[in-house]
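Undergrad: fold the following and give me the result.
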Amino acid sequence: MGIFNSNTKAHALSPKTSIYNIAIKDIKGNLIDLNSYKGKKILFVNVASECGFTGQYKELQELYNNYQEELMIIGVPCNQFGGQEPGDSSEIESFCQVNYGVTFLITEKVDVKGEQQHPLYKWLTKKELNGKSNSTVKWNFQKYLIDENGKFIDYFYSLTKPMSSKIIKLI
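TA: Prediction:
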């Protein structure tokens, strides 16, 4: 199966599409090889620099520091909720490092809902693709957990803190 990019039409993703075959770039514009995270759980989090939940970056970094042998955290900047991620890639990267010491992976800024929804979030939010459940991204810092084999585990709304026992018990 080929790699799907943000220009791929929604129908190109099929129930057989693996999360590992979906293309997304990092904050510097380099293609991320999600295959390199096979064997680890992945926590995808749509992030924003000017949100009331932005302080969760600190706990996300703590979670990553504590569990990086078995967990990759991937922050996905999005400006769809209250315009709370207005910066460009270099501003976002600087904000994360300077204010929160972020060392986990941050992607390019994408849409997590709507007509321009990135294929990654199509997979995360559609049961026909992820095999488990439908969801809607309600706000910044919603979290999606994938197991070591690329299978969907669960999702958590913004109010669930990264160091919550709900998340930690699944790692």
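Undergrad: kindly export the worst-scoring helix or strand of the chain on mean pLDDT (C-alpha atoms) in CSV.
TA: When the helices and strands of the chain are compared on mean pLDDT, DSSP states H and E, helix 89-100 comes out lowest with a mean of 89. Provided in CSV are the C-alpha atoms of helix 89-100 (Å, rounded to 0.1, in the frame of the first residue of the first chain):
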residue,chain,number,x,y,z
SER,A,89,6.5,26.4,11.9
SER,A,90,9.6,28.2,13.4
GLU,A,91,7.4,30.1,15.9
ILE,A,92,5.7,26.9,17.0
GLU,A,93,9.0,25.0,17.3
SER,A,94,10.6,27.9,19.3
PHE,A,95,7.5,28.2,21.6
CYS,A,96,7.5,24.5,22.4
GLN,A,97,11.2,24.3,23.2
VAL,A,98,11.6,27.6,25.0
ASN,A,99,8.5,27.4,27.2
TYR,A,100,8.2,23.7,27.8
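Undergrad: list the contacts of it.
TA: Among residues not part of helix 89-100, those counted as contacts by Cβ atoms under 8 Å, 6 or more residues apart in numbering are 27-29, 47, 49, 57-58, 61, 75, 77, 85, 87, 102, 106, 108-109. Bear in mind the C-beta positions are built from the backbone N, C-alpha and C, glycine included.
Undergrad: recalculate using a threshold of 6 Å.
TA: 27, 49, 57-58, 61, 77, 102, 106 (Cβ atoms under 6 Å, 6 or more residues apart in numbering).
Undergrad: just put these in JSON lines and tack on secondary structure.
TA: Output for the contacts of helix 89-100, formatted as JSON lines (DSSP: H, G, I helix; E, B strand; the rest coil):
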{"residue": "Ile27", "secondary structure": "coil"}
{"residue": "Ser49", "secondary structure": "coil"}
{"residue": "Tyr57", "secondary structure": "helix"}
{"residue": "Lys58", "secondary structure": "helix"}
{"residue": "Gln61", "secondary structure": "helix"}
{"residue": "Pro77", "secondary structure": "strand"}
{"residue": "Val102", "secondary structure": "coil"}
{"residue": "Ile106", "secondary structure": "strand"}
